[in-house]
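> have a look; sequence and predicted model below, questions after that.
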Amino acid sequence: MMNKIAQSVSNSRMDYNVNKIMKVDFLKLAKLFSCDIFEYKVVKILLVLLLLIHGGLGLVQTYFIVYIFNSQQFASYGPFFFGIFFSLGGVAMALFKNDYISHISDEMTVWDMDAAGPEIRQRIKKESRVISIVLAATFLAATAIGSVFVLPTSVDYDRFFAIKLATDYYPRYSTTLSYLYKLTLPFIAYATIVPCANFIYYSHHMRFQLMMLSRHVECLTEQRSKKETDLEELVYDESYQKEFNRRVIFCIQRHNELIRLGDKKQDEMNFLIGYFALTGCGVGISIILFVIMFSGLLFQEKLMLVRITLLSMISGYVFSLLILSGQAMEEETDRVSEMLFNVDWYLLNPANKRTYVIFLINTMVPWRLQFLQHSINLELGVNIGKQIYGIGSVLLNLRSRFISSYNSNSEK
């Protein structure tokens with residue numbers, strides 16, 4: 001289909017000398033919760049305390065798992081063990097890697113939402129508001145769920161390694177130490193969301209920039225009013241060809257800038273993604289193992305059931321947000337190539353056709369946020385879901401063996 005090149009200049013003109021640089025962050029509220037809040041000195045002190053307390057407990061528990069615990073004790077304390085290492089990654093990221101998203105405007109030219117016309121502006125404005133509210137609500141929900149773990153239950157000794165340690169080795173102060181330990185859990189829960197929120201913030205910022213670039217690519221040949229019968233004259237129109245050349249070079253440079261930043265962030269994220277993927281899988285598997293082994297106890301202790309349910313729900317929810325963010329960014333990356341395919345290339349002179357083909361080849365090389373050569377998208381989410389289901393099925397089939405081992409250890 002032929003593009004609407006016959007539109008008037010006023011209706012189709014795009015600014016290919018973009019000087020509308022972002023002054024106010026589209027995702028200001030999301031950045032406040034996931035980054036800016038950690039700039040305060042009192043918050044940094046709290047992060048250091050969390051890192052020392054839970055990091056030290058994690059190392060001690062690692063020793064117990066390797067040399068002292070049996071399989072039943074490992075299953076009992078496993079969910080919080082893996083969960084704490086995942087959370088500590090969030091604490092460390094907030095403390096030492098807080099500039100991951102705080103200086104994004106220093107690493108590239110961030111266009112303002114007005115840079116691609118009113119339609120794109122309204123879309124970005126609406127979506128950024130939704131994303132900010134969702135992330136803020138996620139942080140608050142995580143903190144509230146962490147607060148549920150502060151409430152005492154009769155089985156806390158068998159679930160929290162810190163409480164077991166305080167009771168066994170410091171019985172005189174065990175109540176005070178256990179309470180102080182539990183008071184840190186809402187803050188740890190908040191910090192757990194930080195890596196995921198940073199990824200979501202970055203991916204959507206990149207998506208908005210790609211969205212505006214796509215609009216510029218879409219309008220490459222929409223330059224002047226011409227009757228359909230006169231379009232072939234544009235091939236010989238020097239001013240038209242010069243204007244197209246200026247526009248396409250502008251788009252190529254912008255596309256290259258975004259890809260360079262994407263590659264840089266990908267390199268920075270490789271270790272972080274690997275760490276959180278490993279510990280996150282550990283959390284998921286240990287929760288499944290815990291539920292299978294102690295399903296009877298969950299219904300006896302209602303608060304424990306509430307804890308596990310809420311923990312599973314927010315884990316699945318945050319995982320879904322990550323997958324959907326990666327998928328949305330991938331779709332916007334593909335849209336740049338799609339818009340370029342729809343350009344009226346037959347209106348170009350030979351020199352501009354060569355430039356157009358170069359740009360087309362560049363956009364045909366897919367750019368994705370990846371982990372171990374797997375793109376972070378819906379396909380990855382489905383595959384991970386299948387793997388978790390498979391692991392759960394295996395553990396469920398081995399449930400009787402686990403329970404027999406648990407009962408024999410209890411009798412001893």
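Happy to help now that I have it.
> C-alpha from now on. contacts and neighbour counts both.
OK.
> distance-wise, check residue 222 relative to residue 166.
Distance, residue 222 to residue 166, by CA to CA, to the nearest Å: 72 Å.
> which one of these two is surrounded by more residues?
residue 222 (24 against 19; other CA atoms under 10 Å).
> okay, now residue 115: neighbour count?
24.
> do I have it right that it meets residue 212?
Yes: if you go by CA atoms under 8 Å, residue 115 and residue 212 touch, sitting 7.0 Å apart.
> buried residues, the helix or strand hosting residue 120. List them.
Assigned by DSSP states H and E, residue 120 belongs to helix 118-148. Buried residues in helix 118-148, counting neighbours by 16 or more other CA atoms under 10 Å, are found at 120-121, 124-125, 127-129, 131-132, 135-136, 138-148.
> got it, and stretch 190-208?
Neighbour-count burial for stretch 190-208, counted by 16+ other CA under 10 Å, picks out 190-208.
> so what's the residue nearest to residue 47 when sequence neighbours are not counted up against?
Of all residues not flanking residue 47 in the chain, residue 91 sits nearest, at 6.2 Å (CA to CA, 6 or more residues apart in numbering). Contacts of residue 91 were listed using CA atoms under 8 Å, 6 or more residues apart in numbering, and they are 47, 50, 51, 188, 191, 192, 194.
> and the fifth one, how close does it get to residue 51?
In other words, residue 191. For residue 191, the distance to residue 51 - CA to CA - is 11 Å.
> between these two, what contacts are shared?
If you check residue 191 and residue 51 against CA under 8 Å, 6+ apart, the residues they both contact are 88, 91.
> how about the strands in the stretch 251-400 of the chain?
Chain-ordered strands for the stretch 251-400 of the chain, with DSSP state E, counting those that start in this stretch as the definition, fall at 370-371, 374-375.
> where are the low-confidence patches of the stretch 51-200 of the chain?
Scanning the stretch 51-200 of the chain with the threshold set as pLDDT under 70 gives 100-103.
> for it, just list every one of the strands.
Under DSSP E, counting those that start in this stretch, the stretch 51-200 of the chain gives no strands.
> which parts of it are helices?
With DSSP state H, counting those that start in this stretch as the criterion, the stretch 51-200 of the chain has helices at 71-96, 99-102, 104-107, 118-148, 161-169, 174-183, 185-192, 194-218.
> tilt between the first one and helix 161-169?
This points to helix 71-96. With axes from the mean of the first three to the mean of the last three CA atoms, to 10 degrees applied, the angle from helix 71-96 to helix 161-169 works out at 120 degrees.
> next: the longest one.
Direction vectors for helix 118-148 and helix 161-169, defined by the same axes, to 10 degrees, enclose an angle of 20 degrees.
> show me the helices in the stretch 201-350 of the chain, by range?
Counting by DSSP H, counting those that start in this stretch, the segments of the stretch 201-350 of the chain that form helices are 238-293, 295-300, 302-341, 350-364.
> could you point out which of the ones you listed sits nearest residue 111?
Nearest to residue 111, of all the helices of the stretch 201-350 of the chain, is helix 238-293, at 10.4 Å by CA to CA.
> what's the average pLDDT for the closest one?
The average pLDDT within helix 238-293 is 82.
> packing partners of it?
Packing partners of helix 238-293 (3 or more CA pairs under 8 Å, 6 or more residues apart in numbering; DSSP states H and E): helix 71-96, helix 194-218, helix 350-364, strand 370-371, helix 378-397, helix 399-411.
> so for residue 174, which of these sits nearest?
Nearest to residue 174, of the helices and strands packed on helix 238-293 and by CA to CA, is helix 71-96 at 18.1 Å.
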